[in-house]
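A.B. asks: Following is a predicted model, sequence given first.
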Amino acid sequence: MKLIGIKISLCNKPFSRPLSLRILTKAFSMKKIVFVCLAVLSIVSCKKENVQDVPVVTPAHVYKNYSNLKVGNYWIYERFNLDVDGNYSSLNQFDSLYVEKDTLINGVTYAKYITTNILGPDYDPLYLRDSLHYTVDASGTIYFSTENFTDILSQYYSIASGDTLFYRHGMMTEDLVSCQVPAGVFVTKNFQFTWEVYITAAAGQIRFSDRKMAEGVGLVYETLDFFAGDPNYKVRKLLRWGHNG
């Protein structure tokens, strides 16, 4: 049996299409391929544009908390004598630090940091705050840094009657060093003062004092003020700490 341009076999012989129909079919297939390619390119282009339009947000750097200046925090210390050979002996004396409240100074919030000890009921309070990785007071004096172990952070000249009694400068010296105190063993960072003494009786002396802080705890070890004529030091070590309120 024959139809126009079409062969049909009753014995499953191949089906044949006219040449014009085959050309049209191929042309249609090519159009479909071109259309699909253009659509894919368009989607990829849109995705690239969308990626470029999304701003890159850099997470804010979070500085570790070593000062622990939350209102209600307190620290109890035991005092020791430190001799020239590095031996400690307890003085059976105790003092404390605590954060009494937040105080606004020139529009900036500071923690009112009070020390009470054997020399009197109250010393003049310190007003401290954390500024990036520094702990500073209301005058801008730096007391500690968690990251700057390169620069001199504090300098002070003591002058009387035109003569320099001593020069003191402070910088971070020990990073993540173990410190054993009655409250336990803490990993600390140390802010150390170097004292150059010019008083006649002790001229030429170089003395050192330390302030060691632990993350999430605060001050665990501190060298107290000393007399130039006494080679020994008085230090306080953390006995316990906590929070009231």
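C.D. replies: Okay, I see it.
A.B. asks: Please identify the helix or strand for I159.
C.D. replies: I159 is located in strand 154-160, with elements delineated by DSSP states H and E.
A.B. asks: could you say what helices and strands that strand packs with?
C.D. replies: strand 163-181 (3 or more C-beta pairs under 8 Å, 6 or more residues apart in numbering; DSSP states H and E). Just so you know, the C-beta spots here come from the backbone N, C-alpha and C atoms, and that holds for glycine as well.
A.B. asks: run the last query once more with 10 Å
C.D. replies: strand 142-145, strand 163-181, strand 184-197 (3 or more C-beta pairs under 10 Å, 6 or more residues apart in numbering; DSSP states H and E).
A.B. asks: can you tell which of those is closest to N81?
C.D. replies: N81 lies closest to strand 163-181 among these, at 15.1 Å (C-beta to C-beta).
A.B. asks: in its sheet, what does that closest one sit against?
C.D. replies: Within its sheet, and counting by DSSP bridges, strand 163-181 is paired with strand 154-160 (antiparallel), strand 184-197 (antiparallel).
A.B. asks: Check those strands for me and report the most buried one.
C.D. replies: strand 184-197 (a mean of 18; mean count of other C-beta atoms under 10 Å).
A.B. asks: Dump it to PDB, restricted to CA.
C.D. replies: C-alpha atoms of strand 184-197 as PDB (Å, rounded to 0.1, in the frame of the first residue of the first chain):
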ATOM      1  CA  GLY A 184      44.100  27.200  91.400                       C
ATOM      2  CA  VAL A 185      46.200  27.200  88.200                       C
ATOM      3  CA  PHE A 186      45.300  29.800  85.600                       C
ATOM      4  CA  VAL A 187      46.500  30.500  82.100                       C
ATOM      5  CA  THR A 188      47.300  34.200  82.200                       C
ATOM      6  CA  LYS A 189      48.600  37.200  80.200                       C
ATOM      7  CA  ASN A 190      50.900  39.600  82.000                       C
ATOM      8  CA  PHE A 191      51.100  43.400  82.000                       C
ATOM      9  CA  GLN A 192      54.500  44.200  83.400                       C
ATOM     10  CA  PHE A 193      55.900  47.600  84.600                       C
ATOM     11  CA  THR A 194      59.600  48.300  84.400                       C
ATOM     12  CA  TRP A 195      60.800  50.800  87.000                       C
ATOM     13  CA  GLU A 196      64.000  52.900  86.600                       C
ATOM     14  CA  VAL A 197      64.800  54.400  89.900                       C
END
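A.B. asks: Nearest residue to the residue nearest the centre of the chain in space, please, no chain neighbours.
C.D. replies: Of all residues in the chain, the one closest to the mean position by C-alpha atoms, centre = their mean is Y63, 2.1 Å from it. Of all residues not flanking Y63 in the chain, H133 sits nearest, at 4.6 Å (C-beta to C-beta, 6 or more residues apart in numbering).
A.B. asks: picking up where we left off before, of the helices and strands packed on strand 154-160, which shows the lowest average pLDDT?
C.D. replies: Per-stretch mean pLDDT for the helices and strands packed on strand 154-160 is lowest at strand 163-181 (a mean of 91).
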